[in-house]
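Trainee: pasting the structure only:
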């Protein structure tokens, strides 16, 4: 869809032309809607069908991927997690919870920190996330494993068989996918579903998620895998120096101390965004880790980029005649949906409707529109959005 935006200056009236392109999916993901566990219109990385989780665990053992220990979890380490009776379709019972008096995803009291209703097969460990990427981008490992499984509870058997057929079909097409990606330059940027649903949506969610050691570890594990399998290739020079030292320290000696240090460094890292010096210039935004938190209410949606991040964006735009702008979240959303999100936010339930759009936070919305209205910035934008 296209949008025209009229910019006025003291000396002239100029058109800013926006071409908006919706991104269907940034990563090939095996996902089939079969029952209440899954939703076909979401591009989840962090929650997978049970046959895929079965395949992931076999790959971890086959390749000898790292084990890890947990703090604040019902299981002490990854090996105990992989062997638990709730390992398929029931992982939400093991995921961290928070007790709060404030309004939350399901009202007051004890609430799941991870707010998705599809968390039954949520990935948890760094090795699970890494194995997932290996399985969705290459056919090689599929020849070494089998995804039929006798360890499925009776109430989930029908779902498992339906998912099994979908996963087999998916894996059979991976040779063509691998060939395609080997011949095309590929750039990627995360949204919440590369880590977990509603990632950093509100300051209250952040407070709950990062104060709990188990949820902090899970989020960090997904971010580690994103960096290694997606982020690193976007702008490799950003990951030299201290980043490289801390990452290599963990991979050389993957103990708890080094694991936690690497995750802490990832949470403080502020260079996930990147630019391509093409013609026109491509500017890819990080709208997840540099949020403009609500000053008035921690349960209100955070702005998608804070003041400093928007200032960085402004510097990249100055003097450019045209720019391709890539944003994980829509800049010009569907007004009916945004109205519903606004009502839910007013009722204290922003997490229930994914109330995160550029206009949901007055500060970031106003700053973004001012950037578009600045005469020194491009008069033409092509906006690729999630």
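Mentor: Received, thanks. In this text the structure is predicted, and so the values were computed from the model without any measurement.
Trainee: what's the distance between the host helix or strand of residue 250 and the middle of its chain?
Mentor: Under the criterion of DSSP states H and E, residue 250 resides in helix 242-252. Taking Cα atoms, centre = their mean, to the nearest Å, one finds helix 242-252 lying 23 Å from the centre of the chain it belongs to.
Trainee: helix or strand right after it?
Mentor: The C-terminal neighbour of helix 242-252 among helices and strands, as given by DSSP H and E, is helix 256-268.
Trainee: Tell me the buried residues in the helix holding residue 250?
Mentor: Within helix 242-252, the residues that qualify as buried are 243, 246, 247, 249, 250, counting by 16 or more other Cβ atoms under 10 Å. (C-beta placed from N, C-alpha, C; glycine too.)
Trainee: so the second one touches residue 265, yeah?
Mentor: Yes. Counting by Cβ atoms under 8 Å, a contact exists between residue 246 and residue 265, whose distance comes to 4.9 Å.
Trainee: thinking again about what came up before, could the buried residues of helix 242-252 be laid out in a markdown table, adding pLDDT and distance to residue 155?
Mentor: Below are the buried residues of helix 242-252 laid out as a markdown table (pLDDT from 0 to 100; distance: Cβ to Cβ, whole Å):
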| residue | pLDDT | distance to residue 155 |
| --- | --- | --- |
| 243 | 97 | 45 |
| 246 | 98 | 44 |
| 247 | 97 | 42 |
| 249 | 98 | 45 |
| 250 | 98 | 39 |
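Trainee: And these, which is closest to residue 60?
Mentor: Nearest to residue 60 out of the buried residues of helix 242-252 is residue 250 (Cβ to Cβ; 17.0 Å).
Trainee: Show me the contact partners of stretch 230-241.
Mentor: 26-27, 186-190, 194, 227, 247, 271-272, 274-275, 284 (Cβ atoms under 8 Å, 6 or more residues apart in numbering).
Trainee: buried sites along it?
Mentor: Applying 16+ other Cβ under 10 Å to stretch 230-241 flags 230, 231, 234, 235, 238, 239 as buried.
Trainee: do stretch 169-180 as well
Mentor: 170, 171, 174.
Trainee: Okay, and the second one sits in which element?
Mentor: Right, the one you point to is residue 171. helix 157-172.
Trainee: okay, the angle between the next helix-or-strand element following that helix and helix 157-172?
Mentor: Using DSSP H and E, the helix or strand that follows helix 157-172 in sequence is helix 174-183. In terms of direction (axes from the mean of the first three to the mean of the last three Cα atoms, to 10 degrees), helix 174-183 departs from helix 157-172 by 50 degrees.
Trainee: I'd guessed residue 209 sits against residue 222; true?
Mentor: No. If you go by Cβ under 8 Å, residue 209 and residue 222 don't touch, sitting 11.8 Å apart.
Trainee: who has more neighbours, these two?
Mentor: Neighbours were counted for residue 209 and for residue 222 using other Cβ atoms under 10 Å; residue 222 has more, 26 against 22.
Trainee: in this structure, which helix or strand is least confident?
Mentor: Lowest by mean pLDDT, DSSP states H and E among the helices and strands of the chain is strand 2-8, with a mean of 35.
Trainee: The one helix or strand residue 225 maps to versus helix 256-268: what angle between them?
Mentor: Assigned by DSSP H and E, residue 225 falls within helix 213-229. With the same axes, to 10 degrees defining the directions, helix 213-229 sits at 70 degrees from helix 256-268.
Trainee: who touches helix 213-229?
Mentor: So helix 213-229 is contacted by 45-46, 68, 70-73, 95-96, 113-114, 122-126, 128-130, 132-133, 137, 190, 194-196, 199, 208-210, 239, 247, 259-260, 262-263, 266-267 (Cβ under 8 Å, 6+ apart).
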